[in-house]
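*Asks:* could you work out the structure for the sequence below:
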Amino acid sequence: MSSADPYPPCNTGDPRPCRSLDPRYKQAWPEVVGKPVQLAKAIIEKDNPFVTADIVKPGTGVIIGDYCCNRVRVYEDKQGNVVAHHVPRIGN
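*Replies:* Residues are numbered from 1 along each chain as shown. Next up, the predicted model:
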């Protein structure tokens, strides 16, 4: 895990629908690109209380093949902002 916050277990194996995917809640956050990652994390977790924003530090690379419906990865650039080429969204 790349963030300092505890990450809840992935909800993927649960037979019930993932509550984070309810259409009443946001699922992608293009508006946080370029903003400080801690601010982005707060916005994401406020907009959808069923996800945890996981901050991925610079140099980690893009993590693929690990979909989780209660996680939003927020990729950080060297200045501490959300990278321009990766919009935070549920599952990746």
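*Asks:* where does the spatially most central residue of the chain fall, phi/psi-wise?
*Replies:* In the chain, the residue lying closest to the centroid (C-alpha atoms, centre = their mean) is V72, at 1.6 Å. Main-chain torsions, V72, degrees, to the nearest 10: phi -130, psi 120.
*Asks:* so what sits opposite it in the bridge?
*Replies:* In this structure, V72 bridges to A53, I90 when assessed by DSSP bridges.
*Asks:* so where's this structure uncertain?
*Replies:* 1-9, 11-17, 62, 64 (pLDDT under 70).
*Asks:* give me the nearest residue to A28, chain neighbours excluded.
*Replies:* R89 (3.9 Å; C-beta to C-beta, 6 or more residues apart in numbering). Using the backbone N, CA and C atoms, a C-beta is placed for each residue, glycine as well.
*Asks:* tally of neighbours for the one you found?
*Replies:* As a burial measure, R89 scores 15 neighbours (other C-beta atoms under 10 Å).
*Asks:* residues contacting it?
*Replies:* Counting by C-beta atoms under 8 Å, 6 or more residues apart in numbering, R89 makes contact with Q27, A28, W29, V72.
*Asks:* and the gap between it and V32?
*Replies:* Taking C-beta to C-beta, to the nearest Å as the measure, R89 falls 11 Å from V32.
*Asks:* could you do G61 as well?
*Replies:* Here G61 is placed at a distance of 20 Å from V32 (C-beta to C-beta).
*Asks:* the more surrounded of those two?
*Replies:* V32 (23 against 8).
*Asks:* who's in contact with the more buried one?
*Replies:* Per C-beta under 8 Å, 6+ apart, neighbours of V32: L39, A40, I43, I44, V74, V82, P88.
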